[in-house]
Structure formats: structure tokens, C-alpha cells
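Enquirer: Based on what follows, work out the 3D shape:
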Amino acid sequence: MSRLVFALSLLSCLAVAAAAGIGHGYARNLEAEPQNTIPKKEKPTHIHFFFHDILTGPNPTAITIVPPRSNLSTLFGQVCVIDDPLTMGPDLSSGIVGRAQGLYSSASQEEAALLLAMNLVFTEGEHKGSTLTVLGRNSIFMKVREMPVISGTGAFRFARGYVNVRTYEFDMKTGLTIVEYDVYVWH
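Expert: Residues are numbered from 1 along each chain as shown. Prediction:
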């Protein structure tokens, strides 16, 4: 009889714990709260800016943290960390709208192609305080490259989309690269 009472007591405790939301392990269902749900009506947004990758001078914005080991034609294996300014126009003094923060790595032994993982951090304008995350392959000698936008924060929570990039200017001597970005996201 005592085993039956113990078993019923244990089942009662488990039922109460389950009803209270305890015991879900590593995951739980969220209540429908505005900050935890996908917006009912998504809107498309297009953002245009210029990315400045500065490798030399007193304030470089891209630093090589792992040099290439062998293949110097593609720089295979090189890893750079970036904190590049994003501007309204191709001139660095045209007005900063944000920063590109992350890294890129030369990921091909056959061509100049990068694995790009970065956050576009908007510091000015209507998207100030929001970010977009770009993760993809950048074949740098193609005229137009497309990479996916995989997420975002702030105004861009649950964002998805893509970027089209074009090299605007490349200085072989200094390594300065200015890239034109067209970002298309749904959020």
C-alpha cells in the first residue's frame, strides 16, 4: 500500500511540475509576446552604402591575424579581422552610417574567394542600433557578388535577404578596397 501511495504522490508531483512549466529540459515554448514573435506583416528594405577595407596606414580597419601558409596567388588560409567603416558615398568623408565587424578568410585554393562572416552595425540614421548578419562566399574578382543575410537585431530581428556587392575601387599598392553594397532584406 505504501508503494501505491508513493507512486501516486510521485505522479501528482510530476503532473504539477509539467503544468507549471518545470521539467522541459533545455527548451521551452514561449508565450506569444511581441518581442518573441515574427512580425505579422513583413516589409522589404533596401540599404545602399560603401564598405572601406583599409589594410595600411596609421589606422587600418582590417588586420591579418593568420597569414597564408603557401598559395600566395589565392592567399589560401589567410584570416583577417575587420572593423570597416560603412559610408553613404564612396568617399570616406561622405558620412559614416555604420561599421562592418567580423572576419574574412581566403577559403579557396583555386581562386581568390573569401568566406565572409560579419555584422553590419548601423550607428546612424533610421536603423541606428540595429544589425544585419552576412555569412557567405565572396569571389572577389567577379563583377557582382551575392551573399546571404542570415539574421539581424533591433529593427531587423528575424531578417533574411541578400547583399549584392561590387568592387568600386581597389588600390593594389596599399590594399585599400572600397566596395559598393546593396542590401535587400525582409523583416
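Enquirer: looking at it, residue 43 is touching residue 186, isn't it?
Expert: Yes: if you go by Cβ atoms under 8 Å, residue 43 and residue 186 touch, sitting 7.2 Å apart. The way it works is simple: take the backbone N, C-alpha and C, and place the C-beta from them, glycine included.
Enquirer: Mind checking which of those two has more residues around it?
Expert: More crowded of residue 43 and residue 186, by other Cβ atoms under 10 Å: residue 186, with 14 against 8.
Enquirer: Tell me how many other residues crowd the closest residue to that one other than its chain neighbours.
Expert: Spatially, and ignoring its direct neighbours in sequence, residue 186 is nearest to residue 42 (4.9 Å; Cβ to Cβ, 6 or more residues apart in numbering). Residue 42 has 13 neighbours, counted by other Cβ under 10 Å.
Enquirer: and if you look at residue 27?
Expert: So residue 27, with other Cβ under 10 Å, has 6 neighbours.
Enquirer: How confident was the prediction at it?
Expert: pLDDT, residue 27: 70.
Enquirer: Now do the residue nearest to residue 186 against residue 125, distance only.
Expert: Remark: distance between residue 42 and residue 125 (Cβ to Cβ, to the nearest Å) = 20 Å.
Enquirer: now swap in residue 111 and tell me
Expert: Residue 111 sits 36 Å away from residue 125, going by Cβ to Cβ.
Enquirer: try residue 131
Expert: Using Cβ to Cβ, we find residue 131 at a distance of 13 Å from residue 125.
Enquirer: So for the two, which residue has more residues nearby?
Expert: Between residue 131 and residue 125, residue 131 has the larger neighbour count (other Cβ under 10 Å), namely 21 against 13.
Enquirer: How about the contacts made by the more buried one?
Expert: Shown in contact with residue 131 (Cβ atoms under 8 Å, 6 or more residues apart in numbering): 119-122, 152-154, 156.
Enquirer: what do you get for residue 64?
Expert: If you count contacts by Cβ under 8 Å, 6+ apart, residue 64 has them with 78-80.
Enquirer: ranking those residues by neighbours, who comes first?
Expert: Among the contacts of residue 64, residue 80 has the most neighbours (other Cβ under 10 Å), with 21 neighbours.
Enquirer: Distance of the nearest residue in space to residue 76 that is not next to it in sequence relative to residue 77?
Expert: The shortest distance from residue 76 to any non-neighbouring residue, by Cβ to Cβ, 6+ apart, is to residue 109 (4.8 Å). Per Cβ to Cβ, residue 109 is found 9 Å from residue 77.
Enquirer: Strands along this structure, start to end?
Expert: Ranges of strands in the chain, per DSSP state E, are 44-53, 62-66, 79-87, 96-106, 113-122, 131-139, 145-153, 160-170, 177-186.
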